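Engineer: sharing a model prediction with you, sequence too.
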Amino acid sequence: MRAFSEALDAVPMALAENSGLNPIATLAEVKSQQVRAGPEGRGKLGVDCMNKGSNNMKEAFVIDPLIGKKQQLMLATQLCRMVLKVNNVIVSGSGDQDY
């Protein structure tokens, strides 16, 4: 579960890095702002790729529908489960056999 949550951090880190920002510092700043904003402001904060001085995505007119996010997460989860199943099949079939 921890690895899955860490994998979700890869998206804002890639956005920050591709924008020329320090990815670790940017992610830490966004996370701290989300904690300070509380539950009502948590879904509106993101990476300020355009260096406008505000990372409020609603003010920047960055809109990502919930259904799109839900589908993306479901597909990513299914892909991870498929990879793990294939890995289990390979590991279980690689036993030492004497001929």
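Structural biologist: Looks like it arrived, so ask away.
Engineer: walk me through the domains of this structure.
Structural biologist: Segmentation of the chain into domains, based on automatic domain parsing, reads 1-60, 64-91.
Engineer: chain center to the shortest one, what's the gap?
Structural biologist: Meaning domain 64-91. 13 Å (Cα atoms, centre = their mean, to the nearest Å).
Engineer: I'd like the average pLDDT over that domain.
Structural biologist: Averaging pLDDT along domain 64-91 gives 85.
Engineer: over to the longest one?
Structural biologist: If you average the pLDDT over domain 1-60, you get 83.
Engineer: pull up the distance across that domain, start to finish.
Structural biologist: 32 Å (Cα to Cα, to the nearest Å).
Engineer: how distant is that domain from the center of its chain?
Structural biologist: 10 Å.
Engineer: which of the domains of the chain sits most buried?
Structural biologist: Among these, domain 1-60 has the highest mean neighbour count (mean count of other Cβ atoms under 10 Å), at a mean of 13. Backbone N, C-alpha and C define where each C-beta goes, glycine included.
Engineer: from Ala37, how far off is Glu6?
Structural biologist: Glu6 sits 22 Å away from Ala37, taking Cβ to Cβ, to the nearest Å as the criterion.
Engineer: oh, I was asking about Ala7
Structural biologist: For Ala7 relative to Ala37 (Cβ to Cβ), the value is 23 Å.
Engineer: what do you get for Ala3?
Structural biologist: 26 Å.
Engineer: then Ala60?
Structural biologist: 15 Å.
Engineer: quick check: which helices or strands does the longest helix along the chain pack against?
Structural biologist: The single longest helix within the chain, with elements called by DSSP state H, is helix 66-92. Counting contacts by 3 or more Cβ pairs under 8 Å, 6 or more residues apart in numbering; DSSP states H and E, helix 66-92 packs against helix 2-8.
Engineer: summarise which helices and strands the helix it packs on is packed against.
Structural biologist: By 3+ Cβ pairs under 8 Å, 6+ apart, helix 2-8 packs against helix 66-92.
Engineer: residue contacts, the residue nearest to Asn22 when sequence neighbours are not counted?
Structural biologist: Sequence neighbours aside, Ala16 is the residue nearest to Asn22 in space, at 7.1 Å (criterion: Cβ to Cβ, 6 or more residues apart in numbering). Ala16 sits next to Asn22, Pro23, Thr26, Leu27, Val47, Cys49 when contact means Cβ atoms under 8 Å, 6 or more residues apart in numbering.
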